[in-house]
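# Dropping the sequence and predicted coords here.
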Amino acid sequence: QVQLIESGGGLVQAGESLRLSCAVSGLTSSSYSMGWFRQAPGKEREFVAGLTYSGRTTWYADSVKGRFTISGGNVKNTVFLQMTSLKPEDTAVYYCAAGPCLRYECFLSNRRYDYWGQGTQVTVSS
């Protein structure tokens, strides 16, 4: 049984940092890339960051480039999302996901992922 369990969310002030973790278990293939998505109230789920299964390539949404860093990976059983210089607009439920993606276009689409975690809430106050 595949499980992705996020943790590390919380309430912080603007400008502060958080590190999210996603514990991965049950994946039978090492060829799963990992992604982080987020969903704010009333909005669609959006791509935040992606990491290819090899760990060699990362992708980021323009809104988080230079502030967020994805690391770890499926093979290491944990994926991290280091978030710095947080803004109120980063407030959302954050999800990690596993899927057979290599190209940026694939990472962007939540339909391309096979497994999802339950999400962790991040709230940034101004």
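Great, that's in hand.
# if I pick residue 19, what's in contact with it?
Residues in contact with residue 19 (CB atoms under 8 Å, 6 or more residues apart in numbering) are 8, 80, 81, 82, 83. For the C-beta atoms, the positions are set from N, CA and C on the backbone; glycine is no exception.
# What residues are bridge-paired with it?
For residue 19, the beta-bridge partners are residue 82 (DSSP bridges).
# C-alpha coordinates for stretch 101-120, CSV please?
Extracted in CSV, the C-alpha atoms of stretch 101-120 (Å, rounded to 0.1, in the frame of the first residue of the first chain):
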residue,chain,number,x,y,z
CYS,A,101,7.0,12.7,-14.7
LEU,A,102,10.2,13.9,-16.2
ARG,A,103,9.3,17.0,-18.2
TYR,A,104,8.0,20.2,-16.8
GLU,A,105,4.7,20.0,-18.6
CYS,A,106,4.0,16.7,-16.8
PHE,A,107,4.9,18.0,-13.4
LEU,A,108,2.4,20.9,-13.9
SER,A,109,-0.7,18.7,-14.3
ASN,A,110,-2.2,17.1,-11.1
ARG,A,111,-3.8,14.5,-13.4
ARG,A,112,-0.3,13.0,-14.1
TYR,A,113,0.2,11.9,-10.5
ASP,A,114,-0.7,8.5,-9.3
TYR,A,115,-0.5,9.0,-5.5
TRP,A,116,-1.3,11.8,-3.2
GLY,A,117,-0.9,12.7,0.5
GLN,A,118,-3.6,14.0,2.7
GLY,A,119,-2.1,17.5,2.9
THR,A,120,-0.8,19.8,5.5
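# Give the buried residues for it.
Buried residues in stretch 101-120, counted by 16 or more other CB atoms under 10 Å: 101, 106, 107, 108, 110, 112, 113, 115, 116, 117, 119, 120.
# quick one, phi psi at the fifth one?
In terms of degrees, to the nearest 10, the main-chain angles of residue 110 are phi -70, psi -10.
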